[in-house]
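Participant: Next comes the sequence, and after it the predicted model I'd like to discuss.
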Amino acid sequence: MRPSATRPFAPLAGRLPALVLLAGLAGLAGCRGSGDGAGDRRTFRDSRDTYDPRSLDPALSTDVPTGRAVSYLFDGLVRFTPDARVEPALATRWEVSPDGLTYTFHLRPGVTFHDGTPLRARQVARSFQRALDPTVRGGRGWPLYPIRGAREFADGKATSLAGVRTPDDSTVVVTLTEPLAIFPKLLAMPVAAIVPDSVGPDFGQRPVGAGPWKFVEWRHDDYLKFARFDKYWGRQPGADTLIARIIPEPSTAVAEFESGTVDVLTVPEGETRSWEQTDEKSARLQSAPALILYHVAINTTKGPLADARVRQALNHAVDTRAILEQLLAGRGRLAASVIAPSLDGADTTRQRYAYDVNRAKQLLAEAGHANGIDVELWSSQDATLARLAQSIQGYLNAAGIRTKLVQRDASAVREAARNGQAQLYVKTWYADYPDADAFLYPLLHSQSKGVGGNYSFYENRGVDSLIVQARRTQDDAQRAALSRQADALAHADAPMIYLFHYNELYAVQPWIRGFQVPTIFNGQRWQDVRIDATGTR
Amino acid sequence: MLAYVLRRLLLAVPTLAGVLVVTFLLLFVAPGDPVQEIVGERADPATVQRLREELRLDDPLPTQFAHYAGGVLRGDLGRSFITNRPIAQDIAERFPKTLLLAGTAMLFASVLGIALGVLSARNPGGWIDRVALGGAYLGISFPVYWVGLLLILLFAVQLRWLPASGYGGLRYLALPALALGMRSIAFLARVTRSAMLEVLGGDFVRTARAKGLGERAVTVRHALRNALIPVVTVLGLDFGYYLTGSILTETIFSWPGIGRYVVNAIGRRDLPAIQGAVLFLSAIFVLVNLLTDVAYAKADPRVRYD
């Protein structure tokens, strides 16, 4: 035996280990560093990302963290403001031909990318091609499909993008396959951001754009770091650095906010009431209506659900007001429409399906189901959606709609819903652009069935044609009227249980000035935000 | 000894091959589709089909497997379907962070756990023993999730001594390592205590005392060393589990380790990422088990591998 092997344990043997531990933790605290955000006033710290972005390449921006980071690093021809309007970015202005088919964009003079190279019209054409190129594996070509020749290019049947011409260095002429009033909004999406010529193989890891923030560092699953781009053409952010922390657990994000180490927090639904009821905390809250619709897609091709009366019965059976109050702490507005109330075309006066169990039973009986029906209600394991599903199940059962819950992980549920396997599917829909079309086309148009977003497999020629007419109409008032009509027609058919339009609720530290809760996820680029040294806790 | 280690390493090859096949088949039968995760919420059937072809997902299963296994044999774990990054690089970035967390947690746990166990055993029924035993019960019963949030609330929000989450130096490491090690502290304390009690009643301990050795020398040199075998087993098993991803701890403390990586990959059906990570972690597990067995021989001269 070699006694020395055991010696490390000997010194401990007379002490209380717990005391050692506490002393150790207190000792660590002594070397308190830069972690305290209140003292560090040159950096914005965000806590909203819950998972690592897919990439920082605009062509790959199919998720929220990616889209948000891309909006910091890159500019498109146009972009969204925090309250979801479209404003000029790399294009200072544009003209639309009378037939609505040709858009002529005039590029902003004197714009440079972060690597110092100047912006040229050809980069616009190349950026669009890149986003459509199948070998880039982006997966989000659809915002650019309206461009003539885009589908052919994406399918490999053409070597260039026919619909984009660059007559000189500062002009881009885009020709569409059909008139499309929402086209500028599509160009404000992350996928249409403009990239420079120098796109290397690891562009997604070391991006170079022309946005207000330059890329500094990406620690995967930890944080993204950006530095202010001093040669930016537009308004300069009021801090040198922006750090986007990636915090998967909401309670942890709350703790970070409470210890002052992050500046902005998405308040978790479950904690809303406690924030609202504490004076000090409620002073930090900021809210904005989001472009998010909570609903239950009803597969209109499945058995009894093919009957509109049954679908209406489902709507009458659920007390959405109680659910909104209890499960979402009132953070939303009851829906009688797919279109978010802040958008043109929304009809806020439309009569909702009232909570009326007798009416629901009566409608079921009229449809020949006096003894009720059996349905499956699918949801993912997301905490809020799963609770919603359980609650809706209770209401449906009470109305004689015997409901079985099917809970799978998000990927499995989505696949089932896209294949038409899910009868009822509780979900949220996030608008990609601030327009009625971002709800109408994916949720209700027959072209969008399945993978396009129409999980109701809803098909109504009248609705289809109104949606398409609205897309083609340049006049805003007319477009709004057409959208409203399409929405009303579908509402009568009840292809979903209409739940609510969601409200974002943020907490913002007192030393942060000018932060506006964005209506759309990529609308807040921290440009008008300042750090106020006097704003202490 | 060397021959034994070599033999065990050779035996690991079929184990890992089995892991490769089983993971591949499981992912094939599991619902969900990586392409649906790539395209996100709104897409069109043509794009989905093109991506399936790009990623060779429509090839016959044996072809897909041969393609993947061929890459693995050449030392290439492939690229992520979702992010396009090389998987080996992803693992290389994250595994050392998990190793650091697991290593610190085990260090905490073994120092505190074994010390507590020894102290308890020296005076069974005494106040140290009762407090330690009670603490051990609590430590084992509390879920890491709850312990983690409690630690954050106390040390980050109330006292502001330490950061709540994130990756960095010792200050960032302390809380997650403590939360992760808590269960092992408790478990090790109990195992050490019972092993020590058994050993302390042995003839050789009586002999040691009889020849006039001090109590400390008896406990540490003679008893503890003999009591270490079950302790090493527990350490080895726990360490293996910690290395293969302390998913909850990494999630609560935003620790960018391999556990979160695997969970994210599974959530997005990132097939090559899941396969690569599972294969790597299986290899680590095999290695840790081997090291545990070797450690037995060190701790107990009666154990021989020949």
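Facilitator: Arrived safely.

Participant: Tell me the buried residues in the host helix or strand of B:A115?
Facilitator: Following DSSP states H and E, the helix or strand that holds B:A115 is helix B:87-122. Judged by neighbour count using 16 or more other Cβ atoms under 10 Å in any protein chain shown, the buried positions of helix B:87-122 are B:87, B:90-91, B:93-95, B:97-106, B:108-122. Glycine gets a C-beta too; all of them are placed from N, C-alpha and C.

Participant: next one: stretch A:206-217
Facilitator: Counting neighbours by 16+ other Cβ under 10 Å, stretch A:206-217 gives A:P207, A:V208, A:G209, A:A210, A:G211, A:P212, A:W213, A:K214, A:F215 as buried.

Participant: Could you see whether chain B lies near it?
Facilitator: No: counting by Cβ under 8 Å from any Cβ of the partner chain, chain B is not contacted by stretch A:206-217; separation bottoms out at 12.1 Å.

Participant: and that stretch, how far apart are its ends?
Facilitator: Taking Cα to Cα, to the nearest Å, stretch A:206-217 runs 8 Å from one end to the other.

Participant: Residues contacting that stretch, please?
Facilitator: A:56-58, A:70-75, A:90, A:111-115, A:119, A:193-196, A:198, A:200, A:223-229, A:232-237, A:241-242, A:525-527 (Cβ atoms under 8 Å, 6 or more residues apart in numbering or on different chains).

Participant: Which PyMOL command selects the buried ones in those residues?
Facilitator: Here is the PyMOL command that selects only those of the contacts of stretch A:206-217 that count as buried (16+ other Cβ under 10 Å):
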select buried, chain A and resi 56+57+58+70+71+72+73+74+75+90+111+113+114+119+193+194+195+196+223+224+225+226+227+228+229+232+233+234+237+241+242+525+526+527
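
Participant: before we move on, what SS does A:P53 have?
Facilitator: Recorded secondary structure, A:P53: coil (DSSP: H, G, I helix; E, B strand; the rest coil).

Participant: My read is that it contacts A:D63, right?
Facilitator: Yes: using Cβ atoms under 8 Å, A:P53 is in contact with A:D63, at 7.0 Å.

Participant: chain center to stretch A:313-329, what's the gap?
Facilitator: Taking Cα atoms, centre = their mean, to the nearest Å, the mean C-alpha location of stretch A:313-329 is offset from the chain mean by 23 Å.

Participant: quick revisit: within reach of chain A, which of the buried residues of helix B:87-122 are there?
Facilitator: Checking the buried residues of helix B:87-122 against chain A (Cβ under 8 Å from any Cβ), the matches are B:D90, B:E93, B:R94, B:F108, B:V111, B:L112, B:I114, B:A115, B:L116, B:V118, B:L119.

Participant: The fourth one contacts B:A186, correct?
Facilitator: Read it as B:F108. No: contact criterion Cβ under 8 Å: B:F108 and B:A186 do not qualify, at 11.8 Å.

Participant: B:T15: what's it in contact with?
Facilitator: When contacts are counted by Cβ under 8 Å, 6+ apart, B:T15 touches B:S282, B:V286.

Participant: Could you check how far it is from chain A?
Facilitator: 28 Å (Cβ to the nearest Cβ, to the nearest Å).

Participant: Quickly check: the helix or strand A:W378 falls within near chain B or not.
Facilitator: Using DSSP H and E, A:W378 maps to strand A:373-379. No: applying Cβ under 8 Å from any Cβ, one finds strand A:373-379 separated from chain B by no less than 11.6 Å.

Participant: Repeat that for stretch A:220-236.
Facilitator: Yes: judged by Cβ under 8 Å from any Cβ, stretch A:220-236 comes into contact with chain B through A:H220, A:D221, A:D222, A:Y223.

Participant: per-residue pLDDT, the residue most central in space within chain B?
Facilitator: The residue lying closest to the centre of chain B (Cα atoms, centre = their mean) is B:Y242, at 1.8 Å. If you check B:Y242, the pLDDT there is 82.

Participant: tell me the contacts of the spatially closest residue to it that is not a sequence neighbour?
Facilitator: Using Cβ to Cβ, 6 or more residues apart in numbering or on different chains and skipping residues adjacent in sequence, the residue nearest B:Y242 is B:A102, 3.6 Å away. Residues counted as contacts of B:A102 (Cβ under 8 Å, 6+ apart) are B:L180, B:F239, B:Y242, B:L243, B:S246.

Participant: Identify the residues contacting the second one.
Facilitator: By Cβ under 8 Å, 6+ apart, the contact set of B:F239 is B:A102, B:M106, B:V288, B:T292.

Participant: so the closest residue to the second one other than its chain neighbours, which of the three states?
Facilitator: Nearest in space to B:M106, with sequence neighbours left out and distances taken as Cβ to Cβ, 6+ apart, is B:F239 at 5.3 Å. Going by three-state DSSP, the secondary structure assigned to B:F239 is helix.

Participant: If we ignore the residues flanking it in sequence, what's nearest A:D240?
Facilitator: A:R42 (4.8 Å).

Participant: to the chain's geometric centre, what's the distance from stretch A:438-455?
Facilitator: Stretch A:438-455 sits 17 Å away from the centroid of its parent chain (Cα atoms, centre = their mean).

Participant: Would you mark the buried spots in that stretch?
Facilitator: Buried residues in stretch A:438-455 (16+ other Cβ under 10 Å): A:438-445, A:448-455.

Participant: taking the mean pLDDT, what do you get for that stretch?
Facilitator: What stretch A:438-455 shows for mean pLDDT is 97.

Participant: related to what we said a few turns ago, with distance to B:D203 and pLDDT added, can I get the ones next to chain A among the buried residues of helix B:87-122 in JSON lines?
Facilitator: Below are these laid out as JSON lines (distance: Cβ to Cβ, whole Å; pLDDT from 0 to 100):
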{"residue": "B:D90", "distance to B:D203": "55", "pLDDT": "96"}
{"residue": "B:E93", "distance to B:D203": "54", "pLDDT": "95"}
{"residue": "B:R94", "distance to B:D203": "50", "pLDDT": "94"}
{"residue": "B:F108", "distance to B:D203": "35", "pLDDT": "89"}
{"residue": "B:V111", "distance to B:D203": "30", "pLDDT": "91"}
{"residue": "B:L112", "distance to B:D203": "31", "pLDDT": "90"}
{"residue": "B:I114", "distance to B:D203": "24", "pLDDT": "90"}
{"residue": "B:A115", "distance to B:D203": "26", "pLDDT": "90"}
{"residue": "B:L116", "distance to B:D203": "26", "pLDDT": "90"}
{"residue": "B:V118", "distance to B:D203": "20", "pLDDT": "89"}
{"residue": "B:L119", "distance to B:D203": "24", "pLDDT": "88"}
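
Participant: Reformat those into JSON lines and put distance to B:T23 next to each item.
Facilitator: Formatted as JSON lines, these follow (distance: Cβ to Cβ, whole Å):
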{"residue": "B:D90", "distance to B:T23": "17"}
{"residue": "B:E93", "distance to B:T23": "21"}
{"residue": "B:R94", "distance to B:T23": "18"}
{"residue": "B:F108", "distance to B:T23": "32"}
{"residue": "B:V111", "distance to B:T23": "36"}
{"residue": "B:L112", "distance to B:T23": "36"}
{"residue": "B:I114", "distance to B:T23": "36"}
{"residue": "B:A115", "distance to B:T23": "40"}
{"residue": "B:L116", "distance to B:T23": "39"}
{"residue": "B:V118", "distance to B:T23": "42"}
{"residue": "B:L119", "distance to B:T23": "44"}
